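1. fold the following and give me the result.
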Amino acid sequence: MKFMNIKTVALVAFIGFGLTACEDFLDKPTIDNYNADNYYGSDTECLSGTSYLYSSPWSDFTRNFINVGEVLSGNYYPGTSPYLDFSLNGSDSELGAMSNSLWSAVAHCNTVYNYIKQGGASEAGKNQTMGECLVWKALAYFFLERTFGDIPIIHDNTAELESGSYNTTVKVKKADVMEYIIMTLEKAIEILPETPMQAGRIDKAAAEGLLAKVYLTKAGISGSISTDDLNKAVEYARLCLGHGSHSLMENYADVFRLANNINPECLISWRWNANNNQWTDQSFMQNDYAPKGMGDDDCWGQWKGMSTDLQEAFGIKVLEQTPDIWLNHRDARLKATMMLPGYKYDYFWTDKGGFDFIRFVYDQEYNPSVEIENDKPHLVCPTGAYPVKHIYGNNADHTAGIGYPAARMANSLATPLLRVADVMLILAEAKVILSSPGNPQAASTTDSEALNAINAVRQRAGLTALTSVSFDDVWKERRLELAFEGDRWYDFVRVSYYNPQFCINELKAQKRDVIGNGTLNEIYENYYKTGDWVVPATAKYPENTTAPLVEQLMRDDPDSGKKYFAIPMTERDVVFNPNLAASAEAQHVDIRATYSY
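-> Okay, the predicted model is just below:
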């Protein structure tokens with residue numbers, strides 16, 4: 001079965017003298033082309049009827065996947081943006097799209113789960129696809145909780161709608177939401193197979209890896225470290241990594257290539273299909289983040305780039321070093337994460353013999369989209385480095401990778417959401433903190449399991465093995481390994497639960513601004529023409545850059561007495577349900593006694 005038009009129902013209720021729309025997280029999906037009540041009767045129908053959960057409901061979240069995950073965290077420079085200076089509030093349209101998308105994912109998972117449960121497929125078919133629904137639902141709630149803090153729990157959309165309680169639903173304490181996510185993943189692990197019924201679909205290891213990540217986050221949610229939760233994180237990370245079907249890919253850059261949309265390292269991914277002729281099935285991330293001319297006249301990311309701070313985390317200072325530093329850099333993740341002068345990529349522009357970054361910027365014959373500013377070619381972003389992840393190249397690359405061309409603002413490059421490397425670093429971090437739960441940021445260990453995990457990630461990148469591992473080691477390794485994968489902000493959120501000042505200090509100290517005082521184009525162009533790297537004395541990082549207003553996105557936790565990161569609920573959500581306002585008190589819910597699957 002093919003979903004031609006995935007939509008959500010626009011529900012309205014006449015209250016008093018006005019019309020009020022219910023929350024998007026209560027929307028119940030309807031499918032055009034068939035009667036859903038009678039559809040999920042076979043394994044084939046169940047598999048077909050859940051495949052869209054890997055793409056469509058998440059489409060409107062993809063932009064804030066980077067805004068929240070990478071801009072707020074200081075990894076990406078987007079130009080003027082409330083995500084850069086922390087002036088973000090509930091009126092932001094992209095935040096609204098994110099909220100709608102995540103609640104829509106919950107609604108679709110709830111509804112499809114119930115259809116499958118009542119259908120006539122085999123037990124194996126039901127377990128596979130119901131398990132997928134539960135993992136996607138858990139992931140949506142995990143994003144929602146880490147983004148907004150206290151949130152409602154919608155266990156069954158139909159029941160909520162029939163009860164008429166959708167405009168009075170209350171927020172649930174974030175620790176209880178985490179317990180709901182855990183319960184959901186436990187059920188998924190119970191029913192999912194070790195080997196999925198189709199390659200690339202969610203399996204038991206994926207659910208175990210996500211649960212390890214949830215437990216690592218939950219470990220500090222009370223304001224102090226729970227060693228029980230850390231031990232659970234270790235347990236589920238071990239289970240995930242113990243499945244022989246999942247392992248690190250040999251070459252880091254290969255993880256993000258179109259031909260490897262399905263690979264042994266990616267446990268959970270959004271899977272897009274540009275050949276489906278349906279807007280929400282297709283990725284447009286290259287269009288947002290690649291510079292003009294990268295694809296086929298549908299890219300506009302030339303004024304945005306990888307942050308100065310992330311470059312320096314990799315050890316790169318383009319105003320103080322010469323290109324041999326980054327051209328001979330030991331960490332293979334650097335080139336696979338950002339484009340720098342002198343870098344060439346054999347997997348982009350394969351029909352032209354490969355992609356030469358500096359030539360792309362200045363050679364109009366090579367790149368007809370080169371822009372002219374003050375009679376000079378100019379396509380250098382203000383930080384000097386464009387992203388590589390989420391980029392597929394041009395139409396020839398897309399066809400070579402997957403067998404058909406991209407369309408305008410539509411490609412099929414999968415988006416990794418949980419990788420084996422992430423789970424390895426979760427295991428290492430949990431072990432490190434267990435060595436000193438009273439002072440996690442000062443912790444270090446020589447535990448062999450922690451060392452084996454982090455060293456597997458480091459050695460794949462070309463780095464030497466550590467003989468002891470500290471919290472700072474894992475903290476930095478996560479940033480470099482997962483850069484521009486929508487995850488870094490949530491590392492800050494998780495640590496803010498128990499050590500907000502650590503997060504405040506780091507974020508305020510970041511170099512989040514442009515560099516070079518407008519001289520980058522001069523430096524890069526001279527390097528292209530002469531091969532010489534000449535940095536004018538005036539080229540520097542701005543001296544009077546204002547630190548981001550970090551505390552504006554922090555909320556008081558009445559239970560721990562500490563502040564933690566939480567973005568405000570969208571204005572639309574609050575208008576339709578005042579119980580979701582920041583001032584509204586969240587309720588404690590006994591999750592295990594209230595909900596079941």
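2. just give me the residue closest to the centre of this structure.
-> In the chain, the residue lying closest to the centroid (Cα atoms, centre = their mean) is residue 486, at 2.8 Å.
3. quick check: that one touching residue 65?
-> Yes. With contact defined as Cβ atoms under 8 Å, residue 486 reaches residue 65; the gap is 4.1 Å. C-betas here are computed from N, CA, C, even on glycine.
4. mutual contacts of these two, please.
-> Common neighbours of residue 486 and residue 65, counting by Cβ atoms under 8 Å, 6 or more residues apart in numbering, are residue 415.
5. how close does residue 526 sit to residue 323?
-> Separation of residue 526 from residue 323 (Cβ to Cβ, to the nearest Å): 12 Å.
6. who touches both of these two?
-> With Cβ under 8 Å, 6+ apart, residue 526 and residue 323 have common neighbours residue 533.
7. before we move on, the earlier item: tell me the pLDDT at the residue nearest to the centre of the chain?
-> pLDDT recorded at residue 486 is 98.
8. do the one 5 residues further on as well
-> You'll see residue 491 listed with a pLDDT of 98.
9. do the same with residue 364
-> At residue 364, the pLDDT value in this model is 87.
10. how about it, secondary structure?
-> Following DSSP: H, G, I helix; E, B strand; the rest coil, residue 364 is assigned to coil.
11. run through the residues that contact the closest residue to the residue nearest to the centre of the chain other than its chain neighbours.
-> In space, and not counting its chain neighbours, residue 486 is closest to residue 69: 3.5 Å by Cβ to Cβ, 6 or more residues apart in numbering. Applying Cβ under 8 Å, 6+ apart, we find residue 69 in contact with 485-490.
12. state the helix or strand in which the residue lying closest to residue 443 once chain neighbours are set aside lies.
-> Spatial nearest neighbour of residue 443, chain neighbours left out: residue 436 (3.7 Å); criterion: Cβ to Cβ, 6+ apart. Using DSSP states H and E, residue 436 falls within no helix or strand.
13. residue 436: neighbour count?
-> Using other Cβ atoms under 10 Å, residue 436 is surrounded by 16 other residues.
14. if I look at it, how far off is residue 449?
-> Taking Cβ to Cβ, one finds residue 436 at 16 Å from residue 449.
15. residue 453 and residue 428 touch, don't they?
-> Yes. Checked against Cβ under 8 Å, the pair residue 453 and residue 428 is within contact range at 4.3 Å.
16. higher neighbour count, the two?
-> The neighbour comparison of residue 453 against residue 428 (other Cβ under 10 Å) goes to residue 428, with 30 against 27.
17. chain center to the one helix or strand that one maps to: distance?
-> Following DSSP H and E, one finds residue 428 within helix 420-434. Centroid separation between helix 420-434 and its chain, computed with Cα atoms, centre = their mean, to the nearest Å, is 18 Å.
18. contacts for stretch 122-131?
-> With Cβ under 8 Å, 6+ apart as the test, stretch 122-131 has contacts from 42-43, 46-47, 49-50, 112-113, 116-117, 119, 121, 187-188, 191-193, 196-197, 201-202, 204, 207.
19. repeat the analysis, applying 7 Å as the threshold.
-> Contact with stretch 122-131 is made by 43, 46-47, 50, 113, 116-117, 188, 191-193, 196-197, 202, 207, as judged by Cβ atoms under 7 Å, 6 or more residues apart in numbering.
20. over to stretch 389-408?
-> Residues from elsewhere that reach stretch 389-408 (Cβ under 7 Å, 6+ apart): 256-259, 274-275, 285-286, 289-290, 294-296, 298, 337, 348-351, 355, 411-413, 415, 484-485.
21. now with 8 Å, please.
-> The contact list for stretch 389-408 (Cβ under 8 Å, 6+ apart) reads 256-259, 261, 274-275, 282-283, 285-286, 289-290, 294-296, 298, 336-337, 347-351, 355, 411-413, 415, 483-485.
22. show the buried residues in those residues.
-> 256-258, 261, 274-275, 282-283, 285-286, 289-290, 294-295, 298, 336-337, 347-350, 355, 411-413, 415, 483-485 (16 or more other Cβ atoms under 10 Å).
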